[in-house]
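*Asks:* A predicted structure for the sequence below; I have some questions about it.
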Amino acid sequence: MYLTRQEEKMYDGEFGVPVQKAMKILVALGDVYEAEKMVRIRSAHVAGLSYKSHGDAGLKFAEDMVKAGARVRAFTTTNPLGVDREGMWEALGLPRDFATRQLRIGKAYEQIDCACSFSCVPYLCGNLPRFGEHISWAESSAVVFTNSVIGARDNREGGLSALAAALTGRTPAYDLHLDENRLGEILIDVHATLKGIQDFGALGAYVGQLVGDKIPVFKGIPRNAPLEYLIEFGAAQAATGSVRMYHIIGLTPEAPNIETAFGEETIKDKIEINSTELKRAHEMLTTATDQKVELVVIGCPHCSLRQTREIAKLLSGKKVHKEVLLFVHTSKTTKTFAEQMGYTQMIEGAGGHVTTDMCTILGPFEALGFKRVGTNSAKLATHTPSFNRFKAFFGSTRKCIEAAIRGTWIIS
Ligand code: F3S
């Protein structure tokens, strides 16, 4: 592949060993996907900081990077950890050994000059790409959001390739960095009425498992769908499938109409979604049967300010059941704002926990002996059985809060 003079210098080691290794990874990746050249990225978002997923090897890798003098060249935010930096993990009784090692990984990324957002919604905390910008992000829910809602150019990167891009400021130009690869591949004709965030998540999960890595084009979804619904919608598609981008007609910048979304391609595949399919999707995400619930989680992906406000209002004048742990996962940016507005105090006054830097999937919460989790997140409901060994109840935000107050999930 073609490299500029500066990229060649990186490849030859003139910018140090970490940059050289990173450039070699990117060139190898580019060769595999037959990229003709590199593109400069505007930002990176690195994942793979989880001690739960990467263990001591991940810790050694991160600290070796610091010792080697690595520094990111692009503005780079970071995905969540398995524990928070405020010490809530200690009060919750999470294993100290896990927490100490996890925080060391976080520290290492700080030392290589990442903007440590420790959040999966970096676009809500200071890393907001613009239409057409090339970026290299590694959180699947964020990748699908930036491609589909903003129109940034991003591939579904792994932790290592996004880090390599962060260290060099480059990524190979292939797949979704090229306009011709961003066209729709399958039409999803939605006739069901989507009533809330849970229906967007359920629909996303249903479609994700059917389309795999194809780019779906959705017809029949309101173009004024709230931001949070769209975040949830993409996260679910990326969780059950490998969706990197979707089009919603009239909402995705590259899909003002169906003809533009598909380009010259004829529509070969089509799936119809009626209320039956939507109901089936809800059933697929609920794996728990016994009504008792010990953990309720909202904020996968991390909550926006508007969501923390909604939860605070739902909890007004109520108390979380004494045998239930209620998590509202969010970023530090949002929590700071939520504190100023009094939402955090309302949630915590009712017995809930507003967490930062972390999430249930990446934390060692199975060590606390929970069996069932109630959630409004299709992504969490999909992944928690394998990551935490929890069974899930899936439903609206209101239903989650009611379950947290009652200690039981009403199956309807
Ligand atoms: Fe974010 Fe953790 Fe869910 S990283 S998308 S809250 S699994």
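*Replies:* Thanks, I have the structure now. Numbering: from 1, shown residues only.
*Asks:* near the ligand, which residues of the stretch 1-150 of the chain show up?
*Replies:* For the stretch 1-150 of the chain, the contact set with the ligand under CB under 6 Å from any ligand atom comprises 79-80, 120, 141. (C-beta placed from N, C-alpha, C; glycine too.)
*Asks:* nearest to Q111 among these?
*Replies:* N79 (16.9 Å; CB to CB).
*Asks:* on that earlier part again, farthest pair in the residues of the stretch 1-150 of the chain next to the ligand?
*Replies:* Every pair of those checked by CB to CB; the farthest is P80 and S141, at 11.3 Å.
*Asks:* count of residues packed around the residue of the stretch 301-412 of the chain at minimum distance from the ligand?
*Replies:* Minimum separation of the stretch 301-412 of the chain from the ligand (CB to the nearest ligand atom) falls at C359, amounting to 3.2 Å. By other CB atoms under 10 Å, 29 other residues sit near C359.
*Asks:* how about it, what does it touch?
*Replies:* Listed by CB atoms under 8 Å, 6 or more residues apart in numbering, the contact set of C359 reads 80, 120, 299-300, 302, 329.
*Asks:* next, format the residues you listed as TSV and append neighbour count, distance to G352 and pLDDT.
*Replies:* Output for the contacts of C359, formatted as TSV (neighbours: other CB atoms under 10 Å; distance: CB to CB, whole Å; pLDDT from 0 to 100):
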residue	neighbour count	distance to G352	pLDDT
P80	30	18	98
C120	29	20	98
G299	27	11	98
C300	28	15	98
H302	30	15	98
H329	29	11	98
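*Asks:* so what's the nearest residue to L26 once chain neighbours are set aside scoring on pLDDT?
*Replies:* Leaving out its chain neighbours, the residue that sits closest to L26 by CB to CB, 6 or more residues apart in numbering is A164, at 5.1 Å. pLDDT for A164: 98.
*Asks:* helix, strand or coil for A164?
*Replies:* Under DSSP: H, G, I helix; E, B strand; the rest coil, A164 falls in the helix class.
*Asks:* which one of the residues in the stretch 201-350 of the chain is closest to the ligand?
*Replies:* Nearest to the ligand in the stretch 201-350 of the chain, going by CB to the nearest ligand atom, is C300, at a distance of 3.3 Å.
*Asks:* repeat that for the stretch 1-150 of the chain.
*Replies:* Nearest to the ligand, among the residues of the stretch 1-150 of the chain, is C120, at 3.1 Å (CB to the nearest ligand atom).
*Asks:* so who does that residue touch?
*Replies:* C120 makes contact with 79-80, 139, 141-142, 300-302, 359, according to CB under 8 Å, 6+ apart.
*Asks:* now, which of these lie within helices?
*Replies:* Among the contacts of C120, the ones falling in helices (DSSP state H) are 141-142.
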